[in-house]
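# here is my input; please provide its structure:
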Amino acid sequence: MRYAVFGNPIAHSKSPQIHAAFAAEFGLPGFQYDKLLAPLDGFGTAVREFVAAGGAGCNVTVPFKEEAFRLAEVLSARARAAGAVNTLMVQADGSLFGDNTDGAGLVADLLRHVPLQGKRLLLLGAGGAARGALLPLLAEQPALLLIANRTVARARALSEDVVQPWLAATGLPAELLPVHGVATFDFLIGGVPLEVTGGASPVRALGKRGVQFDVVINATSASLGGEAIPMAPDAFAADAVAYDMMYGKDETTFLAQARAAGVATRVDGLGMLVGQAAEAFTLWTGHRPDVAPVLASLRAAL
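A predicted model of the protein is given here:
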């Protein structure tokens, strides 16, 4: 059983040690997992050569997730919604199946800290990370899901591409469907009333004069540059959870911002990293690993 992760750069990847620990949990001595540097202009060729040499599947990291989406011959629903693939698997007929496990890893990590059903969720950002998270978040049936972005047009496009088709396809009664909508970061500063459509009871005001959020997820890259999100501190509800998809040895900028706003439960994205790997491992092997010991080991090594 040969697997790998492709990226450029790739030396920093923790995936080999994560998957080695998963394989050891189930006693899979033939499980091999490598990290492979793919040329920026040769990802597809690198994957095909890997498969021809006996590779059974691979993870895909930056900057190749969208190219992997185009390379896959069969796509999961969550990969189609994300427009990106981070996991490829060779099927029995030799075709490549593409999945996106990032959102599932996020949700699994969040559920270790807070139930999502009936909660009010704020998703910051409308890029690839946010897109990959939407279907798994919606499947938990939150009461409200608001996408906020610097430009409302991108947030609205994400809602139209992913949220609204999902809502239309569920067959759930209206009272069980999440209220949904979009906003800009600037809106979250001022709390200007905004109607959020969808579900049974539209929300007409957010921020200072309206709804607060039980879970706020930072899917932007702001923390990488040490940049704060321009949002009012009172956007966080009492007992809110702040989640940053970024992680590091030190507290991220967004989580420091949440701490200053009085948020007690603050979680970085290391658990998401391990969770998305666990989803890929399960897809490949049929074994669902325990992420807790791997997460603890990685945390201690930061």
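# low-scoring stretches of the protein, by residue?
Across the chain, residues meeting the criterion (pLDDT under 70) sit at 189-210.
# quick check: longest strand of it.
strand 236-244 (DSSP state E).
# strand 236-244 and the next helix-or-strand element following that strand, what's the angle between them?
Once strand 236-244 ends, the next helix or strand along the chain (criterion: DSSP states H and E) is helix 253-260. Interaxial angle, helix 253-260 versus strand 236-244 (axes from the mean of the first three to the mean of the last three Cα atoms, to 10 degrees): 160 degrees.
# return the list of strands paired to the longest strand of the chain, each annotated with direction.
strand 213-218 (parallel), strand 265-267 (parallel) (DSSP bridges).
# tell me, how many neighbours does Val291 end up with?
24 (other Cβ atoms under 10 Å). Bear in mind the C-beta positions are built from the backbone N, C-alpha and C, glycine included.
# mind checking how far the closest residue to it other than its chain neighbours is from Ser76?
Closest residue to Val291 apart from its sequence neighbours, by Cβ to Cβ, 6 or more residues apart in numbering: Val274 at 4.7 Å. Taking Cβ to Cβ, to the nearest Å as the measure, Val274 falls 20 Å from Ser76.
# which of the strands paired with strand 236-244 is buried the deepest?
Most buried of the strands paired with strand 236-244 by mean neighbour count (mean count of other Cβ atoms under 10 Å) is strand 213-218; its value is a mean of 26.
# contacting residues around that strand?
106, 110, 114, 116, 119-125, 133, 137, 142, 144, 146, 229, 235-237, 239-246, 252, 254, 258 (Cβ atoms under 8 Å, 6 or more residues apart in numbering).
# in TSV: the strands paired with strand 236-244, plus distance to Arg299.
As requested, those are arranged in TSV below (distance: least, Cβ to Cβ, whole Å):
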stretch	distance to Arg299
strand 213-218	19
strand 265-267	12
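# quick one, which of those gets closest to Gly30.
Across the strands paired with strand 236-244, Gly30 has its closest neighbour in strand 265-267 (35.0 Å, Cβ to Cβ).
# can you name the element that comes right after that closest one?
According to DSSP H and E, the helix or strand after strand 265-267 is helix 270-285.
# how far does that next one sit from the chain's center?
Centre-to-centre, helix 270-285 and its host chain are 12 Å apart (Cα atoms, centre = their mean, to the nearest Å).
# likewise for stretch 287-302?
For stretch 287-302 - counting by Cα atoms, centre = their mean - the centre lies 18 Å from the chain centre.
# and stretch 20-36, by the same measure?
That offset, for stretch 20-36, works out to 24 Å (Cα atoms, centre = their mean).
# my guess is Gly44 contacts Ala72. True?
No: the criterion here is Cβ atoms under 8 Å, and Gly44 misses it with Ala72 at 10.8 Å.
# which residues touch the residue nearest to the spatial centre of the chain?
Closest to where the C-alpha atoms of the chain average out (Cα atoms, centre = their mean) is Gly103, at 3.4 Å. Gly103 is in contact with Arg78, Ala82, Gly132, Ala133, Leu134, Leu135, Pro136, Leu137, counting by Cβ under 8 Å, 6+ apart.
# what do you get for Met246?
Asn218, Ser221, Ser223, Leu224, Thr252, Phe254, Asp268, Gly269.
# which residues does the closest residue in space to the fifth one that isn't next to it in sequence contact?
Right, Thr252. Among residues not flanking Thr252 along the chain, Ser223 sits closest, at 4.0 Å (Cβ to Cβ, 6+ apart). The contact partners of Ser223, by Cβ under 8 Å, 6+ apart, come to Asp244, Met246, Thr252, Thr253, Phe254, Leu255.
# please identify which of those residues is nearest to Thr184.
Of the contacts of Ser223, the one sitting nearest to Thr184 (Cβ to Cβ) turns out to be Phe254, at 17.1 Å.
# the closest one contacts Gly226, doesn't it?
No: Phe254 lies out of contact with Gly226 (Cβ under 8 Å); the separation is 10.1 Å.
# which of the two has more neighbours?
For Phe254 versus Gly226, neighbours defined as other Cβ under 10 Å are more numerous around Phe254 (26 against 9).
# who are the neighbours in contact with the more buried one?
Asn218, Ala222, Ser223, Ala228, Ile229, Ala242, Asp244, Met246.
# how far away is the closest residue to the last one other than its chain neighbours from Tyr243?
Just to be clear, that refers to Met246. Counting by Cβ to Cβ, 6+ apart, Met246 lies nearest to Ser223, which is 4.3 Å off, once chain neighbours are set aside. Using Cβ to Cβ, Ser223 is found at 12 Å from Tyr243.
# about what we covered before: who's more crowded, Gly44 and Ala72?
Per other Cβ under 10 Å, whichever of Gly44 and Ala72 has more neighbours is Ala72, with 22 against 14.
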